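**Student:** fold the following and give me the result.
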Amino acid sequence: MSEMEFTYDRIDMDRPSFRLIQLLGGTTTHIHCELLEAYLDESKDGGIPYDALSYTWGGIEKHATIRINGMKARVTENLFIALHYLRPVDGSRFLWVDAVCIDQSHDEEKGHQVQQMGKIYHTAENVIVWLGTGSEDSDTLMEFLGKLPSKAEMRSTSQLVSSDLQARYREPMEKLLSRPWFRRVWVIQEVAKARRAIVACGWKSVSTQVFTRAPSLLGLELDLHSKAILDVMPGHLRARNWYSQQPTLQTLLQNFHRSEATDKRDMIYALLGMSSSVHEQNKLQADYKKDLKELIRDTISTLLFPGHTESPDLYYIDWDWCEFIDNLKDLRSATFLCALREPLSESERFIDISWDGTKWGDFAIEWEDRQGHTALRIAAEYGHEGIVKALLERDGININVKDKDELTPLWAAARRRREGIVRLLVEHQNIDVNARDKDGKSPLWTAARWGHEGIVRLLVENHNIDINAKDKDGKSPLWTAARWGHEGIVRLLVENHNIDINARDKDGKTPLWAAVRCGLEGVVRLLVEHQNIDVNARDKDGVTPLWAAARWGREGIVRLLDAFGGRK
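**Tutor:** Numbers count the residues shown, from 1 in each chain. The predicted structure is shown next:
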């Protein structure tokens, strides 16, 4: 008859409930324990004293077996070994162990437990940092550390540890610090919240009061991540370093982003309980129903708008984990610049909340992305009039700066039909209304091409406008407006006294020729009525507009050209 498999009963998630294991003593290879429910809101005297285990899972495969409440339960090899070393010979001890005390298959329970994990570790009598099985080197190192005075004030290395001892124990200490425990993200909160903790390796252990001093005493230079881990352990370092200043979640992420987690979401969830900036009313809580990108957006919202219950929806942020970490140092600026690229209401709401001209002005003037886009260029393209106006009022703004495609803010605004922004830009005293892109197209040319009549009107009213500015193919704004049938724009242009009605492209074709070729009778009529039109102008192949109209069967246009054929 097969053994019954252990299954979890649901815990009371309306209260701060959690489970403990009662690890029963023994000396055989079999491990037995009982699982019971406890509550964090019980008085200290009424609660069960317990130790909390901080360890690495070592993979998700559960090849080892223990007995819980008399039933078979699968656990990882790492946990089995840890329980083997930690169980008493006689009697029992109470432990909190995440892999057993939380039903890992139940997302709602996981979220509930993760939310109170900081308090679970803080309430524990001791946190046991389990580094794994021992070796000859680790045993001798731990014995050496155990002889150091735990509460002695820091003295120079030469006074406390001789150079011979430093040389002997430095490498074993380096090996110990390279163990997987120091890379796991969850251990950070586990030791940071601990009131007391010991570091255990095999059968040997030492208090964190001593362990955190060891690298300095042995003359070890620590990498930033290892140093940050030791900084948060109970001991003399924690009382005097950055962690004692109640770090924000942003600071914690910057210090511990090199940690490892099987689930990337835990890179955030594991730090929530340590943060001074995460408020209960905020939407950033452990919720494994969210995907990573949604969690990143909620994290950004929490960091930028702490305590806000109705912060903007940052749906336009689509960063992966690496992008999020890269942008952490200047998160508000990075998010602000993403919002500039979104013309929709939520991004405008973010900008309205975030914009402070005195704070952002210098940054916005100096910043540009890899494509050479400045904040002014992006704000102009995506229609943020308030930002454009604020930037134009600042000294030092380069209103004509070009990106890698040689597009100016005015060109981008004209292309995207941002009429209000074009008005702001053309009124600026330093505006170059004729600045061309790499293909020779001016803002007027692109507005004429895409049929933005209101913008064409604003541009031709500027006394510095070159109304006949051609692109690299020799096509003028009138030529392209005629080609694409924008009658209103053609009318605006031909009414200007500076217009060259017969301006030819590189093939010798006039605006009239282009309109005839495309069968645009309304445009042809506007052009032939101009007093300076040359209806007989030939292209490089000697073809006249009349010949082209006849060739392509444009009967109405043929009659129009016949009627005006005497003009030169």
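**Student:** and the spatially most central residue of the chain, helix, strand or coil?
**Tutor:** Centroid check for the chain by C-alpha atoms, centre = their mean gives Phe324 as the closest residue, at 2.8 Å. Secondary structure, DSSP: H, G, I helix; E, B strand; the rest coil: Phe324 is helix.
**Student:** next one: Glu37
**Tutor:** Looking at Glu37 with three-state DSSP, the answer is strand.
**Student:** buried ones in the host helix or strand of Glu108, by neighbour count?
**Tutor:** According to DSSP states H and E, Glu108 maps onto helix 107-115. For helix 107-115, the neighbour count (16 or more other C-beta atoms under 10 Å) marks 109-115 as buried. Just so you know, the C-beta spots here come from the backbone N, C-alpha and C atoms, and that holds for glycine as well.
**Student:** next one: stretch 9-19
**Tutor:** So for stretch 9-19, counting by 16+ other C-beta under 10 Å, buried means 11, 16-19.
**Student:** any idea which helix or strand comes after the helix or strand of the chain with the lowest mean pLDDT?
**Tutor:** The weakest-scoring helix or strand in the chain, judged by mean pLDDT, DSSP states H and E, is helix 157-160 (a mean of 49). Next along the chain after helix 157-160, taking DSSP H and E as the criterion, comes helix 163-177.
**Student:** centre of the chain to whatever helix or strand comes next after that next one, how far?
**Tutor:** Scanning forward in sequence from helix 163-177 by DSSP H and E, the next helix or strand is helix 186-192. Centre-to-centre, helix 186-192 and its host chain are 24 Å apart (C-alpha atoms, centre = their mean, to the nearest Å).
**Student:** pull the CA atoms of helix 186-192 into PDB?
**Tutor:** Output in PDB follows, covering the C-alpha atoms of helix 186-192 (Å, rounded to 0.1, in the frame of the first residue of the first chain):
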ATOM      1  CA  TRP A 186      15.300  36.400  -0.800                       C
ATOM      2  CA  VAL A 187      18.100  36.100   1.700                       C
ATOM      3  CA  ILE A 188      18.500  39.900   1.800                       C
ATOM      4  CA  GLN A 189      15.100  40.500   3.500                       C
ATOM      5  CA  GLU A 190      15.600  37.400   5.600                       C
ATOM      6  CA  VAL A 191      18.800  38.700   7.300                       C
ATOM      7  CA  ALA A 192      17.800  42.400   7.100                       C
END
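**Student:** any residues touching stretch 316-325, and which ones?
**Tutor:** Outside of stretch 316-325, the residues within contact range by C-beta atoms under 8 Å, 6 or more residues apart in numbering are 253, 257, 264, 267, 292-293, 296-297, 299-300, 327, 335, 338-339, 341-342, 344, 346-347.
**Student:** cool, and stretch 527-546?
**Tutor:** So stretch 527-546 is contacted by 482, 490, 494, 499, 501-502, 504, 507-513, 515-516, 558, 560-565, 567-568 (C-beta under 8 Å, 6+ apart).
**Student:** A helix includes Val100, no?
**Tutor:** Yes: assessed with three-state DSSP, Val100 lies in a helix.
**Student:** can you give me the neighbour number for it?
**Tutor:** 24 (other C-beta atoms under 10 Å).
**Student:** pLDDT at the spatially closest residue to Glu77 that is not a sequence neighbour, what is it?
**Tutor:** Of all residues not flanking Glu77 in the chain, Ala64 sits nearest, at 5.2 Å (C-beta to C-beta, 6 or more residues apart in numbering). What the model reports as pLDDT for Ala64 is 92.
**Student:** for Ala82, see how far away Ala64 is.
**Tutor:** From Ala64 over to Ala82 the distance is 11 Å, taken as C-beta to C-beta, to the nearest Å.
**Student:** tell me the domain boundaries of the protein?
**Tutor:** 17-124, 129-245, 246-354, 361-466, 492-568 (automatic domain parsing).
**Student:** rank the ones you listed by pLDDT, which is bottom?
**Tutor:** Across the domains of the chain, domain 246-354 has the smallest mean pLDDT, namely a mean of 80.
**Student:** distance from the chain centre to that one, please.
**Tutor:** Distance, centroid of domain 246-354 to centroid of chain: 7 Å (C-alpha atoms, centre = their mean).
**Student:** restricted to buried residues, select the contacts of stretch 527-546 in PyMOL.
**Tutor:** PyMOL command restricting the contacts of stretch 527-546 to the buried ones, with burial defined by 16+ other C-beta under 10 Å:
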select buried, resi 482+490+494+499+501+502+504+509+510+511+512+513+515+516+558+560+561+564
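**Student:** measure Asp562 to Leu546 for me?
**Tutor:** Relative to Leu546, Asp562 is positioned 7 Å away (C-beta to C-beta).
**Student:** Ile21: what's it in contact with?
**Tutor:** 33-36, 68, 94-97, 100-101.
**Student:** same question for Val422.
**Tutor:** Here Val422 is in contact with 410, 413-414, 443, 455, 458-459 (criterion: C-beta under 8 Å, 6+ apart).
**Student:** just these now: which is nearest Pro149?
**Tutor:** Of all these, Ala413 has the smallest distance to Pro149: 70.6 Å, by C-beta to C-beta.
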